[in-house]
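Asks: here is a sequence together with a model predicted from it:
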Protein chains: 2
Amino acid sequence: MSSTGRIHAPTLEDVAQIAGVSRALVSLVMRDSPRVSIESRRRVTDAATQLGYRPNLMARNLASRKTMTIGVLLNDLHNPWFAEVTDGIHASAERHGYQLILASGRRSPRLESRALDTFLASRVDGIIVAGCRLPASRLDAVGAEVSLVSVGRAFSTLGIGSVTTDDADGARMAVEHLYDLGHRRIAHIDGGKGAGASPRRTGYLRTMSRLGLKENAQVISGDFTEEAGAHGAERLLRGALLPTAIFTANDLSAVGAIDVVERAGLVVPDDISVLGFDNTSLAALNHIGLTTIDQPRREMGAAAATMLINTLNDRGELTDVVMSPSLVVRRTTGHARA
Amino acid sequence: MSSTGRIHAPTLEDVAQIAGVSRALVSLVMRDSPRVSIESRRRVTDAATQLGYRPNLMARNLASRKTMTIGVLLNDLHNPWFAEVTDGIHASAERHGYQLILASGRRSPRLESRALDTFLASRVDGIIVAGCRLPASRLDAVGAEVSLVSVGRAFSTLGIGSVTTDDADGARMAVEHLYDLGHRRIAHIDGGKGAGASPRRTGYLRTMSRLGLKENAQVISGDFTEEAGAHGAERLLRGALLPTAIFTANDLSAVGAIDVVERAGLVVPDDISVLGFDNTSLAALNHIGLTTIDQPRREMGAAAATMLINTLNDRGELTDVVMSPSLVVRRTTGHARA
DNA sequence: TCGATAAGTTAGAGCGCTCCAACTCTAGAC
DNA sequence: GTCTAGAGTTGGAGCGCTCTAACTTATCGA
């Protein structure tokens, strides 16, 4: 009863009938066309409100062959990074009159892929993927059908735009900061196949080499989650020679690592320094006070949306934008013990 | 060039032509109808893959008059509570073959309202609102057009389903826990107009009264954010008589409050105990170790989706489901000082 | 041999909207 | 008084699909 009993929603035709005008005129009024007389406009809007008329988006999009919506694929709703990037996307999209439909990939390539299929089937005008784990080939295929911008991970392929932070440079800053504090045994818990994980790992390794710490470099595999950070720290603690500092691939992992370190009776940063990446709201919590590498998350989201929308309106091209990271020192890093 | 240059997407008609069958047959194959011969099915799927055909959802939904999608309105992407509820919704929806489209209200009733309009215009089959701040009247109006279930906040109105935790009882548990630890001056930083804020506040006040602590009750207004928790704590610290315990309306506020308390040089829980609400992943971070009231967030999301889907298929009615909260003791609460 | 039944397929009428070309008026130019 | 331009309005085709009813062909019992 409840759902089946609902009355058929009024259509444009119904409004036209009541207002005593043609369907086309109602359509014009609904789209705020300037070439409608005041009188007609009034009659139509009156009829529309009387009926509680609401244009059917599917019909409209089908007929007009565009949707004015952007599909946004978020890799992990649990990571605040995505909320922050989404804020930026939202702001830019809204300014340009675009709708957003969000989908969560829940950290699973299978679900991510399915979400993209839904976007394509819905004929969104463009797609933004954030922290996407899908292989370049898949994204390429999607990019061939609709404009696509990736946030947080660059794709060398043409036809896909990207907005990233210079991850390698961020990693350099991280290692150098620790080096300056006197640390020499600096370990890295990486992000596995996650977005940005590879350049951060490379940046770490290169900087360690440059500083003459090649021998001390140690990469533990992770995956950008708190659990991975915890597991990584456990492995490090079991090792023969403890590192004096841990650089993790993101903030979430850093928090996991800190937990384990402290649970083992060690003090951060007195015994071990921990440095994250992203500068999410998590890191900023005073209670955590994580030293980390800042990414301009909101700006990245906004830049991605703006680039996409410009492309859609032939006012620009898809390019690769690289933003600058910066070091944010808080309380989880300190001088290495003498 | 980039977007305008894209080739027109193949349609069902194109597939039919190549396969040498009628449009209707292609449609049947696309919907996995059993009454299609093996041979025809093969020819159609071959033609479809050859063309890279993908059914146009808008056209399909328009023609079939249903969308198999549920609109999910999340109040605040920054609060992990929503990610966890969404996980539950996702799981249930997937099991029943429904799509999800998410929208973020960004804690603004105006944006929430607009998102609902989009849902209605998209003719979603049903809507789930999580932590929604909209007035009952608005939700009522929406509920009249499409089945609607609210998570985290009950609406006494008929025609709207809800899944909530017994917030008042949770507040009772919180206060009693603190009472048992010897606390008498227990303050509450509330959630303002947020979902669940009112029953939590009431539960707090009633329990304080029942325990003979009516005089000591003190409610500071907040809004479920970290900042509100921080501001509330600041106000409390400026007061003449410090509370020995703070019960906040949610975890995010608790974290904000802890920050301020510790920054003031006080120790949690030695000087002041802090107790949150929700038991989000934030509270579970070992580094924070927040004592809090648990809500079965995933289960709540799943229950909401299941109820909604059952209603859509005339297998059930919209009702008000109340789940039981439970106390989770961690490290931010301790005995009151003698 | 003749329906009757089932299995597979199809034409055609929509779904609710947009878009285009064409139409009707009115007002001003000459 | 005719012509033109512009403002306002309209009918009708079409977007890509589903759905119904009807059609064709093969199968089978009587």
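Replies: Received the coordinates, thanks.
Asks: ok, how many other residues are close to A:R184?
Replies: By other CB atoms under 10 Å in any protein chain shown, 16 other residues sit near A:R184. Quick note: C-beta positions are derived from backbone N, CA and C, even for glycine.
Asks: surely it touches A:P243?
Replies: No. Using CB atoms under 8 Å, A:R184 is not in contact with A:P243; the gap is 9.1 Å.
Asks: how many neighbours does the one residue in the stretch 51-200 of chain A that gets nearest to DNA strand D have?
Replies: The stretch 51-200 of chain A approaches DNA strand D most closely through A:A63 (3.6 Å), counting by CB to the nearest atom of the strand. Applying other CB under 10 Å, we find 12 residues neighbouring A:A63.
Asks: give me the pLDDT for it.
Replies: For A:A63, the model assigns a pLDDT of 96.
Asks: hmm, A:I186 is touching A:H177, no?
Replies: No. Counting by CB under 8 Å, A:I186 stays clear of A:H177, with 10.0 Å between them.
Asks: phi and psi next, for the residue most central in space within chain A.
Replies: In chain A, the residue lying closest to the centroid (CA atoms, centre = their mean) is A:A130, at 3.3 Å. In this entry, A:A130 is assigned phi and psi values of phi -110, psi 120 (degrees, to the nearest 10).
Asks: so how far is A:A171 from the closest residue to it other than its chain neighbours?
Replies: Leaving aside its sequence neighbours, A:A130 sits nearest to A:V151 (CB to CB, 6 or more residues apart in numbering or on different chains; 4.5 Å). Applying CB to CB, to the nearest Å, the value for A:V151 to A:A171 is 19 Å.
Asks: and the closest residue to A:K214 other than its chain neighbours, helix, strand or coil?
Replies: Nearest residue to A:K214 in three dimensions, chain neighbours excluded: A:M208, at 6.0 Å (CB to CB, 6+ apart). Secondary structure, DSSP: H, G, I helix; E, B strand; the rest coil: A:M208 is helix.
Asks: count of residues packed around A:M208?
Replies: A:M208 has 24 nearby residues by other CB under 10 Å.
Asks: same question, A:D180
Replies: 10.
Asks: phi, psi of it?
Replies: According to degrees, to the nearest 10, A:D180 has phi -60, psi -30.
Asks: contacting residues around it?
Replies: With CB atoms under 8 Å, 6 or more residues apart in numbering or on different chains as the criterion, no residue contacts A:D180.
Asks: show the pLDDT at it.
Replies: pLDDT recorded at A:D180 is 98.
Asks: so the residue nearest to A:A130 versus chain B, what's the distance?
Replies: 15 Å (CB to the nearest CB, to the nearest Å).
Asks: and if you look at A:A304?
Replies: 15 Å.
Asks: ok, A:T69 touching A:G97?
Replies: No. Between A:T69 and A:G97 there is no contact under CB under 8 Å: 10.4 Å.
Asks: so between those two, which is more surrounded?
Replies: Applying other CB under 10 Å to A:T69 and A:G97 shows that A:T69 carries more neighbours, namely 22 against 8.
Asks: so what does the more buried one have for phi and psi?
Replies: phi -130, psi 150.
Asks: what is the burial count for A:D87?
Replies: 18.
Asks: so who does it touch?
Replies: A:R297, A:R298, A:G301, B:L77, B:R106.
Asks: tell me how far the second one lies from DNA strand C.
Replies: Looking back up the chat, that one is A:R298. Distance, A:R298 to DNA strand C, using CB to the nearest atom of the strand, to the nearest Å: 33 Å.
Asks: tell me which helix or strand that residue sits in.
Replies: Assigned by DSSP states H and E, A:R298 belongs to helix A:297-312.
Asks: in chain A, which spans are strands?
Replies: Here chain A has its strands, by DSSP state E, at A:69-74, A:99-104, A:126-130, A:147-151, A:160-165, A:186-189, A:218-220, A:245-248, A:273-275, A:292-294, A:320-323, A:326-328.
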